[in-house]
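[1] could you work out the structure for the sequence below:
(chains A and B)
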Amino acid sequence: MPERTNQEWLAALSEPGPEREAALADLRTFLVRGLGYAMVDRPRVTEADIEGFVQDALLKILDNLDSFRGESRFTTWAQRIAVHEVFTELRRKRWQNVSLDEIIARYEGDFTPSILTDSEPSPEERVTQRHLLETVKRLIVEELTDRQREAIIAVVFAGMPTEEVARRMGTNRNALYKLMHDARQRLKRRMEAEDISLEDALAAFDTPPGKRSSAQHV
Amino acid sequence: MMKIESRKIQRMVRNILTARPDEIGCAECLERMDRFVEMELEGKSPAQAMPLVHDHLTRCRDCHEEYEALLQALRGLESE
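    As a prediction, the model looks like this:
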């Protein structure tokens, strides 16, 4: 691919004509190769998938040339847009059959502080972890709005991507992050008011492996 | 009975108790991610230069996933 400055990329892509076609062909090749590296650990993503993602990304890139701020190489910016296209689609497919209402009902209906351990905590740790979970559960109910509670449950407990939760809640990822940020700040104030410090809380997870019990469930 | 993994509780509690008023959102993180990744590839310290981007990447799974993929893409292209 011929070396182009950021200005040369923008100039070539801005106007229809042979220069744009040549630049698009070079950019397409660059993005396909880049996504090939990015998706190397995802064997389900085929070369044909990648070609399709890049085609969609090129349209986005052409539509958003004005938003390129010039703080990085143009090709880095373009590759990031392509990566975003890929993950948006992969998340949509992965979660397409999952209902937000069902997830929330599942966690709200029987959201008991039952801890499936993955690090074999000591009995003391288990007591503290249980207490922390009970406290957080209580504060989530007392302190948060319905939307904040639903977002936290779906993203934090159920592990749904923020983008997918946002789609189902009729908002976008940025706005949902800010909604959850506000929720975390509210919970922080309440936890601090109840004298729960970060050090004490994290100590509940830090017992050396040799002192851990062999229990798997609480 | 719904079971919550302890690492999720740990991550949640840490995320709550380290919440800061100046956190940036996903849109700003994505905009600045390009330069953040380039600095990383140049052997510089983007976490120090862009602490709010770094902070967001430690909190947001979606953005972190895209950051890792972008880094992997550019590393691969550089190695050609």
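
[2] contacts, neighbours, all on C-alpha from now
    OK.

[3] any idea which helix or strand carries residue B:4?
    Residue B:4 belongs to strand B:3-5 when assigned by DSSP states H and E.

[4] and chain A, is the helix or strand that that strand is followed by touching that?
    Later in the chain than strand B:3-5, the nearest helix or strand by DSSP H and E is helix B:6-17. Yes - counting by C-alpha under 8 Å from any C-alpha of the partner chain, contacts between helix B:6-17 and chain A involve B:6-10, B:12-17.

[5] in the very next helix or strand once past helix B:6-17, which residues are buried?
    Downstream of helix B:6-17, the next assigned helix or strand under DSSP H and E is helix B:26-41. Buried residues in helix B:26-41, counted by 16 or more other C-alpha atoms under 10 Å in any protein chain shown: B:26, B:29-39.

[6] within reach of chain A, which of those residues are there?
    By C-alpha under 8 Å from any C-alpha, the members of the buried residues of helix B:26-41 lying near chain A are B:26, B:34-35, B:38.

[7] what pLDDT does residue A:211 get?
    Looking at residue A:211, its pLDDT reads 44.

[8] ugh, wrong one, residue A:206
    66.

[9] and residue A:77, what is it in contact with?
    Contacts for residue A:77 were tallied using C-alpha atoms under 8 Å, 6 or more residues apart in numbering or on different chains; they are A:68, B:34.

[10] if we go to 10 Å?
    A:61, A:68-71, A:83, B:30-35, B:70 (C-alpha atoms under 10 Å, 6 or more residues apart in numbering or on different chains).

[11] one more: residue A:146?
    Residue A:146 neighbours (C-alpha under 10 Å, 6+ apart): A:140, A:152.

[12] ok, now the one 10 residues further on?
    The contact partners of residue A:156, by C-alpha under 10 Å, 6+ apart, come to A:150, A:162, B:8-9, B:11-12, B:61.

[13] tell me the one of the residues you listed nearest residue A:7?
    If you rank those by distance to residue A:7 using C-alpha to C-alpha, residue B:61 comes first, at 33.2 Å.

[14] nearest residue to the spatially most central residue of chain B in space, please, no chain neighbours.
    The residue lying closest to the centre of chain B (C-alpha atoms, centre = their mean) is residue B:57, at 1.6 Å. Using C-alpha to C-alpha, 6 or more residues apart in numbering or on different chains and skipping the chain neighbours, the partner closest in space to residue B:57 is residue B:64 (5.0 Å).
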